[in-house]
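*Asks:* generate a structure from the sequence data that follows.
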Amino acid sequence: MSGGVYGGDEVGALVFDIGSYSVRAGYAGEDCPKADFPTVIGITLDREDGSTPMETDGDKGKQSGTTYFIDTNQLRVPRENMEVMSPLKNGMIEDWDSFQAILDHTYKMHFKSEPSMHPVLMSEASWNTRAKREKLTELMFEHYNIPAFFLCKSAVLSAFANGRSTGLVLDSGATHTTAIPVHDGYVLQQGIVKSPLAGDFMSMQCRELFQELNVEIIPPYMISTKEAVREGAPANWKKKEKLPQVTRSWHNYMCNCVIQDFQASVLQVSDSPYDEQVAAQMPTVHYELPNGYNCDFGAERLKIPEGLFDPSNAKGLSGNTMLGVGHVVTTSVGMCDIDIRPGLYGSVVVTGGNTLIQVFVHASHS
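*Replies:* Just a heads-up that it's a prediction; the model follows:
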């Protein structure tokens with residue numbers, strides 16, 4: 001670290017919080033991030049003549065012949081041969097070239113500042129390995145020449161953000177739901193419990209719901225025109241002409257964007273143990289898909305997110321051993337020293353994208 005030890009309030013530090021679903025980055029001390037965009041990126045391999053399949057202003061990759069398309073606007077343009085992938089796997093960095101492209105884009109397009117001028121605080125998964133931590137530190141100092149760097153476990157940051165140094169952090173994101181015990185600012189590794197029941201699992205359940213309704217998910221990029229139809233009637237729309245030959249991974253990403261909007265608009269967690277009769281009395285929510293199909297959704301609103309809490313309610317998961325949110329919490333606390341268990345139960349911090357679903361926080365505390 002050059003320039004001695006950094007301290008005080010105003011050091012112009014940058015904060016990077018990179019999750020499986022989105023990248024959040026901004027200046028330390030501000031309320032909101034400067035950047036918030038998808039973690040997944042588009043990649044095309046250039047042709048032998050040096051041109052891309054479609055002339056673009058994408059970011060040239062570290063490896064010659066690779067072009068990266070990062071951020072919502074660039075990612076959602078249909079292009080030939082553009083594959084969509086994530087640089088993260090299980091919350092840890094897997095593809096370092098793609099990860100570096102994300103950092104380059106953030107500095108260039110959002111901060112518009114030289115990396116060497118700002119210290120960096122970056123969050124990491126609580127189960128990150130020493131080798132990946134060392135490689136990331138080397139990248140930040142050697143490539144970006146930053147003056148100071150601090151890696152902090154995301155669970156500790158969530159606890160500190162809520163004024164707690166000891167507590168149980170329940171993090172429910174895109175790829176997994178995790179209970180992480182934090183004691184005096186340190187993660188208790190032996191108490192970390194993970195479950196794959198998370199946002200992507202709910203997206204899969206939503207897909208199955210639409211399949212049962214015989215409704216095809218049509219992303220907006222395919223739609224030229226559409227007409228209003230009555231509720232529950234088949235959609236009446238026309239497909240755009242001269243669409244490029246997009247890859248399956250990109251088409252699936254665009255379909256997932258539609259499903260994620262449905263999740264955010266329609267789903268709600270039941271504030272009491274799930275009951276079919278009670279769910280049937282729930283007020284319905286009207287939702288229209290991009291192609292014009294529209295319908296009122298009632299009991300499904302509660303049943304899909306209930307799979308996070310009680311996997312036996314989820315389609316296709318009968319007899320499985322995956323843990324619901326409640327069991328993730330109790331299992332994690334049970335693996336910690338008996339003396340600190342009351343402190344963990346008395347201070348549960350709920351974080352992650354799924355907590356934005358209506359009533360999730362109340363249900364998780366119940």
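*Asks:* all contacts plus neighbour counts: C-alpha atoms, from now on.
*Replies:* OK.
*Asks:* how about the CA coordinates for stretch 32-46, as PDB?
*Replies:* Extracted as PDB, the C-alpha positions of stretch 32-46 are listed here (Å, rounded to 0.1, in the frame of the first residue of the first chain):
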ATOM      1  CA  CYS A  32     -26.900   4.600  -3.400                       C
ATOM      2  CA  PRO A  33     -24.500   2.900  -5.800                       C
ATOM      3  CA  LYS A  34     -23.400   4.700  -9.000                       C
ATOM      4  CA  ALA A  35     -23.600   1.500 -11.000                       C
ATOM      5  CA  ASP A  36     -26.200  -1.300 -10.800                       C
ATOM      6  CA  PHE A  37     -26.200  -3.600 -13.800                       C
ATOM      7  CA  PRO A  38     -26.400  -7.400 -14.500                       C
ATOM      8  CA  THR A  39     -23.400  -9.600 -13.600                       C
ATOM      9  CA  VAL A  40     -23.900 -11.700 -16.700                       C
ATOM     10  CA  ILE A  41     -22.200 -10.400 -19.900                       C
ATOM     11  CA  GLY A  42     -22.400 -11.000 -23.600                       C
ATOM     12  CA  ILE A  43     -19.400 -12.400 -25.500                       C
ATOM     13  CA  THR A  44     -18.800 -12.600 -29.200                       C
ATOM     14  CA  LEU A  45     -15.700 -14.000 -31.000                       C
ATOM     15  CA  ASP A  46     -14.600 -11.700 -33.800                       C
END
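*Asks:* show me where this protein has its helices.
*Replies:* 72-75, 96-105, 130-138, 154-161, 199-212, 248-266, 276-280, 299-309, 325-334, 341-345, 360-365 (DSSP state H).
*Asks:* deepest in the core, which of the ones you listed is it.
*Replies:* Per residue and on average, the most neighbours among the helices of the chain fall to helix 299-309, with a mean of 24 (mean count of other CA atoms under 10 Å).
*Asks:* against which helices or strands is that helix packed?
*Replies:* Helix 299-309 makes packing contacts with helix 199-212, helix 276-280, helix 325-334 when contacts are defined by 3 or more CA pairs under 8 Å, 6 or more residues apart in numbering; DSSP states H and E.
*Asks:* rank those helices by pLDDT, which is bottom?
*Replies:* Across the helices and strands packed on helix 299-309, helix 276-280 has the smallest mean pLDDT, namely a mean of 82.
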